[in-house]
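>>> coords please:
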Amino acid sequence: MAKISLPLEGGCQCGKLRYALTAPPLMLYACHCANCQKQTGGAFVLSTAIVESALSFTEGAPSKTEWVSASGTQRYGLFCGDCGGRIANGQTPTNGILSLRAGTFDDKSWVRPAAHIWVKSAQSWFPFAEGDLLFDEQPKDYGPIAERFRSYVEFSA
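Below you'll find the model as predicted:
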């Protein structure tokens, strides 16, 4: 089990937008939805679900974009206006949770997806491992993902 100290820090590719996360992520998963594939130009994105109030930008101010997701919710993304690096996504109205891009953390030694969501949109070549938690779409219950995530990593202040 990885043991990680808070706060977690990270930022965009060019370094002009930096953040600190003062509470541990609730879970970490790989999202294979079409929106994430278009946003990243990749097969999926690694997202950490975080409490929105635990995220603060310590350098720079994020730019914002909006869209409607495959699940029908109004979503927005926070990104660096200089390099375009996506930091987080949220929904309108807010539910108090953001999806923070795990690849933006400075220390990624603990980053490991506890599940895969939107697997019905996954690239056909992606090799899911035996025992992976798989969800065809947006999970209705995130409890199993959060529980598995807590078995991988422990956070301390």
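>>> Show me what the helix or strand of the chain with the lowest mean pLDDT packs onto, helices and strands only.
Across the helices and strands of the chain, mean pLDDT, DSSP states H and E gives its lowest value to helix 34-40, namely a mean of 86. Under the contact criterion of 3 or more CB pairs under 8 Å, 6 or more residues apart in numbering; DSSP states H and E, helix 34-40 touches strand 45-51. Where C-beta positions appear, they are placed from N, C-alpha and C, glycine not excepted.
>>> what are the pairing partners of the strand it packs on, and which direction each?
strand 27-31 (antiparallel), strand 97-101 (antiparallel) (DSSP bridges).
>>> which residues of the chain fall in helices?
In the chain, the segments counted as helices under DSSP state H are 34-40, 143-152.
>>> what is the orientation angle of the longest one with strand 45-51?
With axes from the mean of the first three to the mean of the last three CA atoms, to 10 degrees as the basis, helix 143-152 and strand 45-51 are set at 90 degrees to each other.
>>> Can I get stretch 52-72 as PDB, trimmed to CA atoms?
Output of stretch 52-72 as PDB, limited to C-alpha atoms (Å, rounded to 0.1, in the frame of the first residue of the first chain):
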ATOM      1  CA  GLU A  52     -14.200  20.500  -4.700                       C
ATOM      2  CA  SER A  53     -13.500  22.700  -1.700                       C
ATOM      3  CA  ALA A  54     -10.200  20.900  -1.100                       C
ATOM      4  CA  LEU A  55      -8.700  22.200  -4.400                       C
ATOM      5  CA  SER A  56      -7.100  25.600  -4.600                       C
ATOM      6  CA  PHE A  57      -5.100  27.200  -7.400                       C
ATOM      7  CA  THR A  58      -1.800  28.400  -6.000                       C
ATOM      8  CA  GLU A  59      -0.400  29.900  -9.300                       C
ATOM      9  CA  GLY A  60      -2.400  31.300 -12.200                       C
ATOM     10  CA  ALA A  61      -6.100  31.200 -12.800                       C
ATOM     11  CA  PRO A  62      -7.800  28.400 -14.800                       C
ATOM     12  CA  SER A  63      -9.700  29.000 -18.000                       C
ATOM     13  CA  LYS A  64     -13.100  27.200 -18.400                       C
ATOM     14  CA  THR A  65     -14.900  25.300 -21.100                       C
ATOM     15  CA  GLU A  66     -18.400  23.800 -21.000                       C
ATOM     16  CA  TRP A  67     -20.200  20.800 -22.800                       C
ATOM     17  CA  VAL A  68     -22.900  18.200 -22.200                       C
ATOM     18  CA  SER A  69     -21.600  14.800 -21.400                       C
ATOM     19  CA  ALA A  70     -22.600  11.400 -22.700                       C
ATOM     20  CA  SER A  71     -24.600  10.900 -19.500                       C
ATOM     21  CA  GLY A  72     -26.600  14.100 -20.300                       C
END
